[in-house]
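Sequence unavailable; structure follows:
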């Protein structure tokens, strides 16, 4: 047992030194997971666990997108390590979110979409995000609504107006995910977009875009010229 512990310890140290020397350039996904898990799982071979995770969830993103119960179905993944993996994703979301502050979001649409893909991709349920912008098209605040918390066709437009007024917003971007990975706007999506746009017009606030996240892609109502500018 002591020899196994010593061997694992030496291997972990070599991986850390490899990272310190050259970063993750050229690393395989399992190596990244192996190093990450070494901080959450003591005295175990994290290489085999990392490979099992990738075998089950297919990709590095698939691992981070997985629900905790799914993660814990993999041998070697405890409640502690599943929380750690979810934490890694939340840290990456926070990092991306910080990157959209103090920027003209209308002239940097890819930054917004990149953030939304990280925040909404892989969720089992639908979430709606509301981004409230000032007169310079910079982010004032962002809020999230879980699926089922509002009647989208009736209550949601009023909710957007209420929160936009609260934040003294000049423009609003709304976004939501399609858990099935599709990008095609549904009839409900289009009806909701029109309803939100009309509701915001009554208080002289502009709906700047509605973005749908499906898988690792996005659909922009603005880019596809579905939104009216009048």
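Received the coordinates, thanks. Owing to the predicted nature of the structure, the values given are computational and were not obtained by experimental measurement.

Could you chop this protein up by domain?
For the chain, automatic domain parsing gives the domain ranges 2-95, 104-220.

Quick one, which of the ones you listed gets closest to residue 228.
For those, the distance to residue 228 is smallest for domain 104-220, at 7.2 Å, taking Cβ to Cβ. (C-beta placed from N, C-alpha, C; glycine too.)

any chance of the domains of the chain in TSV, plus mean neighbour count, distance to residue 226 and mean pLDDT?
Shown next, in TSV, are these (neighbours: other Cβ atoms under 10 Å; distance: least, Cβ to Cβ, whole Å; pLDDT from 0 to 100):
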stretch	mean neighbour count	distance to residue 226	mean pLDDT
domain 2-95	15	27	90
domain 104-220	17	7	91
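
With distance to residue 228 as added columns, please give the ones you listed in CSV.
Formatted as CSV, these follow (distance: least, Cβ to Cβ, whole Å):
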stretch, distance to residue 228
domain 2-95, 32
domain 104-220, 7
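
My reading is that residue 145 is in a helix; is that accurate?
No - assigned with DSSP: H, G, I helix; E, B strand; the rest coil, residue 145 falls outside any helix and is strand.

shouldn't it be in contact with residue 155?
No - between residue 145 and residue 155 there is no contact under Cβ atoms under 8 Å: 9.9 Å.

The domains of the chain: which one's closest to residue 227?
Using Cβ to Cβ, those put domain 104-220 closest to residue 227, at 6.6 Å.

Which strand or helix spans the residue nearest in space to the middle of the chain?
Geometric centre of the chain, nearest residue: residue 119, 1.3 Å, by Cα atoms, centre = their mean. Secondary structure assignment for residue 119, by DSSP states H and E: helix 109-120.

On the three-state scheme, the closest residue to residue 132 other than its chain neighbours is what?
Setting aside the residues directly before and after it, residue 132 is nearest to residue 169 in space (Cβ to Cβ, 6 or more residues apart in numbering), at 3.8 Å. Of the three states, residue 169 takes coil under three-state DSSP.

how about residue 169, what does it touch?
132, 133, 134, 140, 205 (Cβ atoms under 8 Å, 6 or more residues apart in numbering).

Thought residue 141 was touching the third one, still the case?
No - Residue 134 sits out of contact with residue 141 when judged by Cβ under 8 Å, with a separation of 10.0 Å.

mind checking how far the closest residue to residue 118 other than its chain neighbours is from residue 80?
Excluding its sequence neighbours, the residue lying closest to residue 118 (Cβ to Cβ, 6+ apart) is residue 96, at 4.9 Å. Per Cβ to Cβ, to the nearest Å, residue 96 is found 25 Å from residue 80.

And for residue 133?
In terms of Cβ to Cβ, residue 133 sits 39 Å off from residue 80.

ranges for the strands of the chain?
Along the chain, counting by DSSP state E, strands occupy 127-133, 139-146, 171-177, 206-214, 217-220.

For the second one, what is the distance to the chain centroid?
On the basis of Cα atoms, centre = their mean, to the nearest Å, strand 139-146 is displaced by 13 Å from the centre of the chain it belongs to.

what's it packed up against?
strand 127-133, helix 155-166 (3 or more Cβ pairs under 8 Å, 6 or more residues apart in numbering; DSSP states H and E).

from the middle of its chain, how far away would the first one be?
For strand 127-133, the distance from its own C-alpha centre to the chain's C-alpha centre is 13 Å (Cα atoms, centre = their mean).
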